[in-house]
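In: Just to be clear, the model below is a prediction. Sequence and coordinates:
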Amino acid sequence: MARMSPAPSEVWKATSRRFFVAVAALVDAGRLSSLSAFCDEHGLSAPRYRALRLAYGLTPKEGYVCKYSGVEVEALAVLASKYPVSASWLLTGRGRVLTLRP
């Protein structure tokens, strides 16, 4: 029997969307080449994140129902620890997406 993921909460949905906003900002800033490259580099499933992008990305596919609940906490931790992305913004949506690092 297939394992069913719990329905994502509104907080989880918003955090997942912010993940894709941050990845796009990093791509635009030249700090990351693509979502797939991010996944490959950090041992994440690129197909999973491409599916999640259809649900939570910058231009979600209308009516698309993703089989995954949302972005994994490991992916959020990598963004906040290895890239100039604000952990506070990822979790709350307050402040700026990218932080300034010397």
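Out: In hand now; what should we look at?
In: From here on, just use CA atoms for contacts and neighbour counts.
Out: Noted.
In: for L35, what are its contacts?
Out: 23, 46, 49-50 (C-alpha atoms under 8 Å, 6 or more residues apart in numbering).
In: how far away is it from Y68?
Out: As judged by C-alpha to C-alpha, to the nearest Å, L35 and Y68 stand 17 Å apart.
In: Quick one: name whatever helix or strand follows the lengthiest helix in the chain.
Out: Criterion DSSP state H: the longest helix present in the chain is helix 10-28. Going down the chain from helix 10-28, the next helix or strand is helix 35-41, by DSSP states H and E.
In: Next, the contact list for the one residue sitting closest to the centre of the chain, please.
Out: Per C-alpha atoms, centre = their mean, the C-alpha nearest to the average position across the chain is that of F19, at 2.7 Å. Contacts for F19 (C-alpha under 8 Å, 6+ apart) come out as 71, 76, 90.
In: where are the low-confidence patches of the chain?
Out: Within the chain, the segments meeting pLDDT under 70 span 1-7, 100-102.
In: what's the closest non-adjacent residue to L91?
Out: Using C-alpha to C-alpha, 6 or more residues apart in numbering and skipping the chain neighbours, the partner closest in space to L91 is T15 (5.9 Å).
In: Please verify my assumption that that neighbour contacts A87.
Out: No - here T15 does not reach A87: they are 10.6 Å apart, not a contact under C-alpha atoms under 8 Å.
In: Just the buried positions in the longest helix of the chain, please.
Out: Under the neighbour-count criterion of 16 or more other C-alpha atoms under 10 Å, helix 10-28 has 12-26 buried.
In: May I have that helix as CSV, with CA atoms only?
Out: Extracted C-alpha coordinates of helix 10-28, given in CSV (Å, rounded to 0.1, in the frame of the first residue of the first chain):
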residue,chain,number,x,y,z
GLU,A,10,-1.2,26.7,5.1
VAL,A,11,2.1,27.3,6.9
TRP,A,12,3.7,24.4,5.1
LYS,A,13,2.3,25.6,1.7
ALA,A,14,3.6,29.1,2.3
THR,A,15,7.0,27.9,3.4
SER,A,16,7.2,25.6,0.3
ARG,A,17,6.4,28.5,-1.9
ARG,A,18,9.0,30.6,-0.3
PHE,A,19,11.6,27.8,-1.0
PHE,A,20,10.9,28.2,-4.7
VAL,A,21,11.0,32.0,-4.5
ALA,A,22,14.4,31.7,-2.8
VAL,A,23,15.8,29.2,-5.4
ALA,A,24,14.6,31.5,-8.2
ALA,A,25,16.3,34.5,-6.5
LEU,A,26,19.6,32.5,-6.2
VAL,A,27,19.4,31.5,-9.9
ASP,A,28,18.7,35.2,-10.9
